[in-house]
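Colleague: could you work out the structure for the sequence below:
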Amino acid sequence: MFDFDELDDAEGVVQEKQLAKEPRLHEVEEKLAEEQRIREAQEKARQLAEEQAKQLAEEEERLRKERELAEQRERREAEEQERRLAEQRIIIEEEERERQLAEEQRLIEEEEEERKLYEEQRAREAEERRAREAQAVSQLHATVGEHFEAVSKVLMREGELLVTPKIGYLPAGTRMEVLQVGRGRRVRVFEEHGFDGWVSLAKENGEQLLSTIERTSASEPGSWLAEAKREQARRESTVESNKQSSGPCDKCDGPHATDACPFFKKDREEHKDAWANYGNTDPRKMGADGGNFVLRSAQVVPQPGDGSCLFHSLMFGLSNNGYRESSACKLRQELMEFLEAHPQKEIAGDTLEEWVRWDANASVEDYARRMSCGGWGGGIEMACCSLLRKVNVHVYERALAGFKRISCFDTPQARKTIHVLYQGRMHYDALATH
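Modeller: Okay, the predicted model is just below:
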């Protein structure tokens, strides 16, 4: 039989066990509930963090967009400002260009007005000058047989017209007699060296070239006119007997026979400088010949054949090849001033005064006055240049192997040596040494 008491006891044990389990279940439930709350809190925290992060990102995006918009506005404003400034610059440049054009136009108009005034003034001055020249020329007059003296260097021509061949220049102080009166300023004269030709009484500007002097007679003993007549007769006789030597002159390059040279009366070999050096032992003494020296490396530098070729050549050497033609004229004046100031300076044992008297048959004063205006230079001028400028002057002629030195004008403590080439017929060129 079934024992109900045991069953009751078993149920009671079960109930007791269940009652014993209930606190533990309650704890588990509370623990689970706590875990649920924690999970819910974490979820809320996560959601809140995500929401905050989302809001922060949105805020950052909003700020970024605002910055971009602000930058865009600034760029647009800057571009607009730059555009306005560029437009202003263009306007200013156009205004400045218009102002410059107006100023240039004004200057052009002023220059044109000044040019017109200047041309009108020049025309008035030219007209006045022509009137003065015409008046001056109209006042010039000469009569046949009247005697004149050259005030400055005067050009003599073969005929009355200014296109006829030149005879040569008459130095200042040259005396002459009128043979024929031409048109305007032109007269035919017989000058003191025995030549006759046509000269002008004055320049085109009215400047006087000839001045009247006391008339002299060819019959007066020792008169310049008598001497000129004798010189003319002698020259014509020489030319007639020696027609093959009709010029140019080997002494002065003039259009006449060498033997009939009116400026150098003696033969070339009979001039004092041709004999002064015989017996000298030093070939480079002042005024000495050149010994046997030959210059083998040099370049000929041609100089103008205008009657001042020696002075051009000397100036070429003095100025280290940088001379001007006007410098030759200045050097001529300086050398003549030196000659006048130092007539007692010696060359090869004789004074400059004695050399001038021997070579030109003139006083130092007359020679210097004549050479200051024009004339071919020679040994006297080279010696003066050597002494004045403290340089050596060496003269050469062409030779097969180069250039043979034919004369030396040396001075103590010379600062340099100038080389000149004698080409014959009183023409000199410069020599540039390498």
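Colleague: just the pLDDT at N242, thanks.
Modeller: Here the pLDDT value assigned to N242 is 47.
Colleague: let me fix that: Y422
Modeller: 90.
Colleague: how many other residues sit next to it?
Modeller: 19 (other CB atoms under 10 Å). Every residue, glycine included, has its C-beta placed from N, CA and C.
Colleague: any idea how far it lies from L335?
Modeller: 18 Å (CB to CB, to the nearest Å).
Colleague: so in terms of bridging, what pairs with Y396?
Modeller: R405, L421 (DSSP bridges).
Colleague: was I right to think it contacts I418?
Modeller: No - counting by CB atoms under 8 Å, Y396 stays clear of I418, with 11.1 Å between them.
Colleague: helix, strand or coil for Q180?
Modeller: Recorded secondary structure, Q180: strand (DSSP: H, G, I helix; E, B strand; the rest coil).
Colleague: same deal with the one 4 residues further on?
Modeller: For G184, the assignment made with three-state DSSP gives coil.
Colleague: next one: M382
Modeller: helix.
Colleague: same check, this time on L161
Modeller: Quick answer, by three-state DSSP: L161 is coil.
Colleague: lowest confidence element among the helices and strands of this protein?
Modeller: Least confident helix or strand, the chain: helix 272-275 with a mean of 40, by mean pLDDT, DSSP states H and E.
Colleague: and after it, which helix or strand comes next?
Modeller: strand 294-295 (DSSP states H and E).
Colleague: paired strands for that following strand, with orientation please.
Modeller: According to DSSP bridges, strand 294-295 has these partners: strand 402-409 (antiparallel).
Colleague: may I have stretch 294-301 as PDB, with CA atoms only?
Modeller: This file holds the C-alpha atoms of stretch 294-301, laid out as PDB (Å, rounded to 0.1, in the frame of the first residue of the first chain):
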ATOM      1  CA  VAL A 294     117.000 100.500 -89.300                       C
ATOM      2  CA  LEU A 295     113.500 100.300 -87.700                       C
ATOM      3  CA  ARG A 296     112.100  97.000 -88.900                       C
ATOM      4  CA  SER A 297     108.700  96.900 -87.200                       C
ATOM      5  CA  ALA A 298     106.500 100.000 -87.600                       C
ATOM      6  CA  GLN A 299     103.300 101.000 -89.300                       C
ATOM      7  CA  VAL A 300     102.900 104.200 -91.400                       C
ATOM      8  CA  VAL A 301     100.100 106.400 -90.300                       C
END
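Colleague: for that stretch, buried residues please.
Modeller: By neighbour count with 16 or more other CB atoms under 10 Å, stretch 294-301 contains the buried residues L295, A298, V301.
Colleague: now do stretch 333-350
Modeller: Quick answer for stretch 333-350 (16+ other CB under 10 Å): L335, M336, F338, L339, P343, K345, I347, A348.
Colleague: looking at those, which is nearest E191?
Modeller: M336 (21.9 Å; CB to CB).
Colleague: surely that closest one touches M371?
Modeller: Yes - the pair M336 / M371 is scored as a contact, 5.4 Å apart, by CB under 8 Å.
Colleague: got the domain ranges for the chain?
Modeller: Structural domains assigned to the chain are 81-136, 147-260, 268-433, following automatic domain parsing.
Colleague: okay, now the unreliable bits of the stretch 201-350 of the chain?
Modeller: 221-222, 235, 237-290, 320-326 (pLDDT under 70).
Colleague: mind listing the helices for it?
Modeller: Under the criterion DSSP state H, counting those that start in this stretch, the stretch 201-350 of the chain contains helices at 224-241, 272-275, 309-318, 325-341.
Colleague: hey, which of those is tucked in deepest?
Modeller: helix 309-318 (a mean of 26; mean count of other CB atoms under 10 Å).
Colleague: what is the mean pLDDT for the helix or strand hosting R370?
Modeller: Here R370, judged by DSSP H and E, is contained in helix 364-373. Regarding helix 364-373, the rounded mean pLDDT is 88.
Colleague: just how off-centre is that helix within its chain?
Modeller: 33 Å (CA atoms, centre = their mean, to the nearest Å).
Colleague: from here on, call the first residue 550.
Modeller: Taking 550 as the first residue, the last one we looked at is helix 913-922.
Colleague: what about R595, neighbour count?
Modeller: R595, neighbours per other CB under 10 Å, totals 10.
Colleague: ok, now which ones touch the closest residue to V969 other than its chain neighbours?
Modeller: Excluding the flanking residues, the one nearest V969 by CB to CB, 6 or more residues apart in numbering is S862, at 4.4 Å. By CB atoms under 8 Å, 6 or more residues apart in numbering, the contact set of S862 is V850, Q852, I967, V969, L970, Y977, D978, A979.
Colleague: with distance to R724 added, can I get those residues in CSV?
Modeller: Below are the contacts of S862 laid out as CSV (distance: CB to CB, whole Å):
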residue, distance to R724
V850, 38
Q852, 31
I967, 36
V969, 33
L970, 36
Y977, 30
D978, 34
A979, 36
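Colleague: A590: which of the residues you listed is nearest?
Modeller: For the contacts of S862, the nearest to A590 is V850 (118.0 Å; CB to CB).
Colleague: quick one, what contacts that closest one?
Modeller: S862, F865, N870, D978, A979, L980, A981.
Colleague: just the mean pLDDT for the helix or strand harbouring the fourth one, thanks.
Modeller: Right, the one you point to is D978. Using DSSP H and E, the element containing D978 is strand 977-982. Strand 977-982 shows a mean pLDDT of 90.
Colleague: who touches that strand?
Modeller: 844, 846-852, 858-859, 861-862, 865-866, 870, 926, 945, 952, 968-972.
Colleague: gap between it and the chain center?
Modeller: 22 Å.
Colleague: just checking: what are the partner strands of that strand?
Modeller: strand 847-850 (antiparallel), strand 966-971 (antiparallel).
Colleague: which outside residues touch the last one?
Modeller: The set of residues that contact strand 966-971 without belonging to it, under CB under 8 Å, 6+ apart, is 844, 847, 849, 859, 862-863, 866-867, 931, 934, 940-947, 952, 955, 977-982.
Colleague: next one: it to chain centre, how far?
Modeller: Worked out by CA atoms, centre = their mean, strand 966-971 lies 25 Å from the chain centre.
Colleague: ok, and for that strand, which residues are buried?
Modeller: Result for strand 966-971 [16+ other CB under 10 Å]: buried residues I967, H968, V969, L970, Y971.
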